[in-house]
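>>> please work out how this folds:
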Amino acid sequence: MYISAVILFCFLVRPSHAQVGPDALKAEIGKKSSSDSPDSKIVDEPKESNPEAEDDSHRYFERSFVESATIETKNKDMLRRDFGPRRDENSFEMDLDELDSTEDLSDSTFDDMSTTTASNQYGDKKSEADVIFEEAVALLNKVDDKKAIRKAYALFQQAWKMNHSEAGGIVAMAHVFGIHFKQNLPYAKELFVNLSAQGEPRAQAGLALMYSLGLVGLNKSLSKGLVYYTFGALGENPMAMMAMAYKNWQGIGVPQSCEGALVWYRKVADRVAEDVSLGSPVVTRVRLQDQFENPNFFSSLFDQDLIHYFQFIADKGDTKAQIGLGQLHYQGGRGVSVDYKTAFNYFQHAAQKSNNPNAQAYLGRMYMEDNSHNKKDYDLAFKYFKDAAQQGNAMGQAGLGQLYLNGFGVTKSYTEALRYLKTAADQGNVDGQLHLGVMYFRGLGVARDNKKAVKYFNLASQNGHTLAFYYLAQMQESGLGMLRSCHMAVELYKNVAERGKWAEMFMTAHDAYMGAKRDEAFMIYATLAEMGYEVALSNVAFMLEHGETSIVIGEGETGVNKMALTYWERAAAQGYTQARVKVGDYHYYGRGTSSNFEEAVTHYRQASDQFQNAQAMFNLAYMHELGLGLKQDLHLAKRYYDMAAETSNDAYIPVLLALMKLAFLYGLEPFYNEKTKENFNMYFSPEFYLGPAWDIYLIGFLCGVLSFLIFLIVNRRR
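Numbering: from 1, shown residues only. Here you go, the predicted structure:
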């Protein structure tokens, strides 16, 4: 056949919005109380790993930590829609009687398990542990200061020794992922058990993860994992809320419920939308299967030589290189961490030397928000935006429109905002499209028009703006300007939720994987997979299939194959075509399940018909040729072989060989009956002599012959 953290540590610094965002919507009412006991058991912690051994890849993880560290500490009000009735947010249904009868969940496990946090566990007066914890979280905001980050983890550990439960949750998660501490799952489990009994949501989510995977001597149990995810979600832990949303969406351990998924995804999307900033970093999600099949593509993705070249010509005064590097450091990506100081310097050089409107517009954006390099200054933002807009720059025009729309540094004027935003939107600027949609959506200076709002939100979403997906999700949920669609609303809210800062852990996981820290990478991917990320699901399946983790070694080969099949199936359910082909392969070869050609055909046909996958077409042709799970039909076999060759150039050589064999069989068909055909297929089949990998041997032989002929031709010319 043809041959592919928990991070969630609370939003401490909320960047101010330079656009009309979800902060205009109603705030959710209700604050959490705390019930954590200061008398909890302290587990002896292992030694901290060598700080000097930490590399830049951990910065992605720390940024993710920051995003979750004050969600539960600050008890900040959530964003809410300002229209339409809501489904009861506690509508999640689960019958505890459905828990495995053979598994003992002692009542003490759930005693005093509340959905509150420890932020106020010492009363109104801050304790020493609170002060240390807040200092650590503040240090984590210094994402470009390694020493500050190392000190932050030392402070978290110190606060945990003083019984600060949130600090304990962070320390436990750091031991799960092997960040700033050596990976130690048994120790993390002890902390999770201890803290979960106190009602610490992060610990409850971590314990749910361990039950879901069956780690550290725990019997794998979806039901127990579901219980702890439920408690963590009720405690507003983002990881737990996303896990609950995903399980309701796909019907994993609970009855499939679109409305149930909608509730949880909306909660997370509200938070992500609240923290959208102009300089949100770009996150690259690398599929290990695709990297395995196309290693050259992904090596160029992180090519430092190319970046060094642009740095060289930028230092020589090349304006385009300066702007490009400024954007790269402003938003991150291609293996480069966000560095506002470096970005500012590049933009400033380009603006001062060449009066470049793009550089001016980016400087305006940087002054529109607080960042680690410069403070918010609307007057300077207005100056740079105006200079850029006067040169016809769409980003500058959109920036002026946002200032007038919000009244930042200028007198609020919907007329001026509409003028500038319309001009920017007509030039395809994503911020202009988004905020013009907001004006029509909310009726700011114009008549409220949901259809025009949908039009501009769709345009902005095509350019990937997070808030555009968020507003479209709200409109889909309430049927404003379109027919209500729960499924579409869930898809859109999921898209927004998956753009949270925790998504930056994909870079941490990939760096760990490339650095041969496979177990650490596996745990990060497994965590993200529990949250429903398709890329993480396929990466977990890939690592299990290739035996690249020792964490689940106790499952045995059959158990690991079964587990890998489950993850491939979940990735395929989200539209990853290569995962769909993998599921077909597992049924064809009987990996993790019994061999079933008919089931394999079903999956290959889906990949072929829906996604035009060349490998699936080749597989269907092969099965038609041999009559495996399908009626033997040489004509259909040839049709599928031809389709595979037309779809992918990589399939040309295998298809050519297969067609040569097919033509030979077709030519001999009139000369033998069914009995002789059976004997022919047995004794003249390459598989009889060379085994199922005969095509690899044949291709290798032909390559050798071709190389020999090229050698003779070259020598003859000499």
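>>> show me where this protein has strands.
For the chain, strands defined by DSSP state E do not occur.
>>> what's the weakest-modelled helix or strand in it?
Lowest by mean pLDDT, DSSP states H and E among the helices and strands of the chain is helix 107-110, with a mean of 28.
>>> what about the residue nearest to Asn184 when sequence neighbours are not counted, how many residues nearby?
Once flanking residues are discounted, Asn184 sits nearest to His175: 4.6 Å by CB to CB, 6 or more residues apart in numbering. Where you see a C-beta, it was placed from the backbone N, CA and C, and this is true even at glycine. Using other CB atoms under 10 Å, His175 has 27 neighbouring residues.
>>> tell me if I'm right that His175 and Lys189 touch.
No - in this structure His175 lies outside contact range of Lys189 using CB atoms under 8 Å: 9.3 Å.
>>> how far off centre is stretch 381-398?
34 Å (CA atoms, centre = their mean, to the nearest Å).
>>> list the buried residues in the top helix by length along the chain.
If each helix of the chain is counted by residues according to DSSP state H, the longest one is helix 694-717. For helix 694-717, burial by neighbour count (16 or more other CB atoms under 10 Å) applies to Asp695.
>>> distance between it and the chain's centre?
44 Å.
>>> extract the C-alpha trace of it and format it as PDB.
What follows is helix 694-717, C-alpha atoms only, in PDB (Å, rounded to 0.1, in the frame of the first residue of the first chain):
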ATOM      1  CA  TRP A 694       7.700  -5.900  -1.700                       C
ATOM      2  CA  ASP A 695       7.000  -2.500  -3.200                       C
ATOM      3  CA  ILE A 696       9.800  -0.900  -1.100                       C
ATOM      4  CA  TYR A 697      12.300  -3.500  -2.300                       C
ATOM      5  CA  LEU A 698      11.200  -2.900  -5.900                       C
ATOM      6  CA  ILE A 699      11.500   0.800  -5.600                       C
ATOM      7  CA  GLY A 700      15.000   0.500  -4.000                       C
ATOM      8  CA  PHE A 701      16.000  -1.900  -6.800                       C
ATOM      9  CA  LEU A 702      14.800   0.500  -9.500                       C
ATOM     10  CA  CYS A 703      16.500   3.500  -7.800                       C
ATOM     11  CA  GLY A 704      19.700   1.400  -7.800                       C
ATOM     12  CA  VAL A 705      19.400   0.600 -11.500                       C
ATOM     13  CA  LEU A 706      18.600   4.300 -12.300                       C
ATOM     14  CA  SER A 707      21.700   5.400 -10.300                       C
ATOM     15  CA  PHE A 708      23.800   2.900 -12.200                       C
ATOM     16  CA  LEU A 709      22.600   4.200 -15.600                       C
ATOM     17  CA  ILE A 710      23.300   7.800 -14.600                       C
ATOM     18  CA  PHE A 711      26.800   6.800 -13.500                       C
ATOM     19  CA  LEU A 712      27.400   5.100 -16.900                       C
ATOM     20  CA  ILE A 713      26.100   8.100 -18.800                       C
ATOM     21  CA  VAL A 714      28.200  10.600 -16.900                       C
ATOM     22  CA  ASN A 715      31.400   8.500 -17.300                       C
ATOM     23  CA  ARG A 716      30.700   8.000 -21.000                       C
ATOM     24  CA  ARG A 717      30.500  11.800 -21.500                       C
END
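>>> residue ranges with poor pLDDT in this protein?
Applying pLDDT under 70 to the chain picks out residues 1-126, 141-145, 277-282, 296-304, 333-335, 553-555, 668-690, 717-718.
>>> at 50 instead, please
Counting by pLDDT under 50, the chain has low-confidence residues at 1-45, 47-63, 65-125, 300.
>>> where along the stretch 551-700 of the chain do the helices fall?
556-573, 577-589, 597-611, 614-626, 634-647, 652-668, 674-683, 686-690, 694-717 (DSSP state H, counting those that start in this stretch).
>>> same question for the stretch 401-550 of the chain.
Here the stretch 401-550 of the chain has its helices, by DSSP H, counting those that start in this stretch, at 414-426, 430-442, 450-462, 466-478, 486-497, 505-514, 518-530, 534-545.
>>> which parts of the third one are buried?
Neighbour-count burial for helix 450-462, with 16+ other CB under 10 Å as criterion, is recorded at Asn450, Lys452, Ala453, Val454, Lys455, Tyr456, Phe457, Leu459, Ala460, Ser461.
>>> now for that helix, which elements pack on it?
Identification of packing neighbours for helix 450-462 by 3 or more CB pairs under 8 Å, 6 or more residues apart in numbering; DSSP states H and E yields helix 430-442, helix 466-478.
>>> got it, and the last one?
Helix 534-545 makes packing contacts with helix 288-293, helix 505-514, helix 518-530, helix 556-573, helix 577-589 when contacts are defined by 3+ CB pairs under 8 Å, 6+ apart.
>>> now do the shortest one: distance to the chain's middle.
Which is helix 288-293. Between the centre of helix 288-293 and the centre of its host chain there is 17 Å, according to CA atoms, centre = their mean.
>>> what about Glu548, how many neighbours?
There are 15 residues near Glu548, going by other CB under 10 Å.
>>> nearest spatial neighbour of it, skipping sequence neighbours?
Arg518 (4.8 Å).
>>> before we move on, what about Asn371?
Per CB to CB, 6+ apart, closest to Asn371 is Tyr340, 4.4 Å.
>>> just checking, that neighbour touches Glu369?
No - if you go by CB under 8 Å, Tyr340 and Glu369 don't touch, sitting 9.8 Å apart.
>>> what's the burial count for Gln574?
Other residues near Gln574 come to 18 when the count uses other CB under 10 Å.
>>> wait, Phe382 sits on Gly401?
No - if you go by CB under 8 Å, Phe382 and Gly401 don't touch, sitting 11.7 Å apart.
>>> which one of these two has more residues nearby?
It is Gly401, of Phe382 and Gly401, that has more neighbours when counted by other CB under 10 Å, with 29 against 20.
>>> show me how far stretch 356-366 is from its chain's centre.
Distance of stretch 356-366 from its chain centroid, counting by CA atoms, centre = their mean, is 29 Å.
>>> no, scratch that, I was asking about stretch 623-642
Using CA atoms, centre = their mean, the offset of stretch 623-642 from its chain centre is 39 Å.
>>> buried stuff in that stretch?
Buried residues in stretch 623-642, counted by 16+ other CB under 10 Å: Met623, His624, Glu625, Gly629, Leu630, Leu636, Ala637, Lys638, Tyr640, Tyr641.
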